[in-house]
Structures are given as C-alpha cells and as structure tokens.
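Q: Here is the input, now give the coordinates:
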Amino acid sequence: MLRTRNDQHHQKNPNEGELFPYSASPLLSANERLPEGTLPPTEDEYVREALALYASTPGTSGQIRPADRVTAAQLFKRGVSITAVANALVLGSARRLVRSKNAPPLNMVQSLAYFLRLIDEVLEMKVGPEYFAHLRRRIKVTLGRSN
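A: Below is the predicted model of the structure:
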C-alpha cells in the first residue's frame, strides 16, 4: 500500500485472502521511517486499510458502521500507524480466543472503538514484531482447532 513518488497506484496486498491479511503489513510502525521516495498513505487509504483489518479480525462482526469510519479517521489524525492498529487487533483477538474452555462465550465485537485502549497499549509496548507474529500463529492454531 505504500506509494512511491513515481507510482501513485495501489499495490495489491500480497497476503490478501489469508486469515490475517495484515500479518506482513507494508505500512510502518510508530518507530519506523518511510523508505526514501515513499509517500505515506492518504487518509482515505489509511481508513480503508484500518476498516479492512477490523472487518477481517476474528471475533468481530465483520460489519463496518459509520462510527468505525470516524474512529479510523481519528486514528489517522492522531498519527497512529496502521501497523499499530493491526497489532492491537491481533492482541485483542488473541486475548479473546485464548480463554478457558469453561468461560462463557463472548459476544462479537461490534465497533472498532472497542480496540482503542488496545491501540494505546500497543503504542506503549516495548516488544518487537516477533511478538505479534507469535500471536498471529497462535490465533491461527487456535482457530484451526475450533473448526
């Protein structure tokens, strides 16, 4: 999704169609810099990506509401990287999925705003991308067992 100054077209997500299409998001975390000659995403690109990530997250309704668009736009204006959003979605999904079998079932998440505290938590975390890759693998295994 990164655009270069010479190429203003969208690039296809190489992971599209996977359970976690954002597992190798080309957009950067808060501490990374854009490669030279690369433009940051526009607000529309950011909102589309954030909403696609949210809709594909296990445990969510998959439905996008107007309030979700507002939340995504607010995240863009705050300067939150799409990678931080993706990592928060993974963290929330992992916490919801890896629970006691005796625990009562959880309702589906109905709003991107549900993840706002997790986004803030991710922004404060001092872990590398390996941690979130581990969570993605753990979620895939967990979902594979429940099918």
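
Q: pLDDT (mean, whole number) over the helix of greatest length in the chain?
A: Of all the segments of type helix in the chain, defined by DSSP state H, the longest one is helix 129-146. Confidence for helix 129-146, expressed as mean pLDDT, is 87.

Q: Any buried residues in it, and which?
A: Neighbour-count burial for helix 129-146 flags 132, 135-136, 139 (criterion: 16 or more other C-beta atoms under 10 Å). No exception for glycine: its C-beta is placed from N, CA and C like everyone else's.

Q: low-scoring stretches of this structure, by residue?
A: 1-35, 146-147 (pLDDT under 70).

Q: just the strands in it please.
A: 3-4, 38-39 (DSSP state E).

Q: ok so, going back, adding distance to F115 as columns, could you present the buried residues of helix 129-146 in CSV?
A: Formatted as CSV, those follow (distance: C-beta to C-beta, whole Å):
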residue, distance to F115
F132, 14
L135, 14
R136, 16
I139, 15
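
Q: ok, the nearest residue to L116 once chain neighbours are set aside to V90 distance?
A: Leaving aside its sequence neighbours, L116 sits nearest to T71 (C-beta to C-beta, 6 or more residues apart in numbering; 7.2 Å). Applying C-beta to C-beta, to the nearest Å, the value for T71 to V90 is 18 Å.

Q: Neighbour count: those two, which is higher?
A: V90 (26 against 23; other C-beta atoms under 10 Å).

Q: Isn't the more buried one up against R136?
A: Yes: at 5.8 Å, V90 counts as touching R136 under the criterion of C-beta atoms under 8 Å.

Q: Please tell me how far H134 sits from G79.
A: For H134, the distance to G79 - C-beta to C-beta - is 27 Å.

Q: go on, N102?
A: For N102 relative to G79 (C-beta to C-beta), the value is 42 Å.

Q: okay, the two: which has more neighbours?
A: Neighbour count, other C-beta under 10 Å: between N102 and G79, G79 has more, with 9 against 5.

Q: And that one, how far from P66?
A: 23 Å.

Q: got it, and S81?
A: Applying C-beta to C-beta to S81 and P66 gives a distance of 24 Å.
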